[in-house]
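Student: sequence-free structure coming up:
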């Protein structure tokens, strides 16, 4: 009888731990070559341009281009408050998903992103400014300015 009671408590504790682990509200790893863009449905291939939205309820939406993500945000019924995370791969640190408030965005035809949004995100403002000096077509945007542009 003691063994059954002990087993019952352990099973309940184990299930509680599993439930807590499955309810994390974090970005998921983008599986390049396998995951599809939520907006355009194309396979996400380039690790310099991938991005992701995570809702407050933990639902993940992955995109192949920042322009796809912004267009999705603009047509969805969600508000910015509905997202726990809005993250983008940085051009200078591919595959690292970084919050949009910590990035510097450039638009240039020289960035040939998958859906021709031509947006690249940088973790360092210094690096973004160096590209601006070399590329006369490049323009710098904040996240809010970028959302308005698309």
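Tutor: Received it, and whenever you're ready, just let me know what you need. What you see is a predicted model, and the numbers here were worked out from it, not measured in a lab.
Student: sketch out the low-pLDDT regions of this protein for me.
Tutor: Per-residue confidence for the chain (pLDDT under 70) gives these ranges: 1-23.
Student: can you do 80?
Tutor: The model of the chain has pLDDT under 80 over residues 1-24.
Student: distance of the residue most central in space within the chain relative to residue 27?
Tutor: By C-alpha atoms, centre = their mean, the chain has its centre lying nearest to residue 52, at 2.4 Å. Look at residue 52 and residue 27: by C-beta to C-beta, to the nearest Å, they are 5 Å apart. Glycine gets a C-beta too; all of them are placed from N, C-alpha and C.
Student: all the strands of this structure, residue numbers only.
Tutor: Secondary structure of the chain (DSSP state E): strands at 51-55, 60-63, 83-89, 97-99, 104-107, 119-122, 139-141.
Student: how close does the closest residue to residue 57 other than its chain neighbours get to residue 72?
Tutor: Nearest non-adjacent residue to residue 57, counting by C-beta to C-beta, 6 or more residues apart in numbering: residue 25, 7.6 Å away. Remark: distance between residue 25 and residue 72 (C-beta to C-beta) = 19 Å.
Student: ditto for residue 138
Tutor: From residue 138 to residue 72 the distance is 25 Å (C-beta to C-beta).
Student: ok, residues contacting stretch 46-57?
Tutor: With contacts defined as C-beta atoms under 8 Å, 6 or more residues apart in numbering, stretch 46-57 is touched by 25-28, 30, 32, 38, 44, 60-66, 69, 72-73, 78, 81-91, 94-95, 97, 113-114, 119-120.
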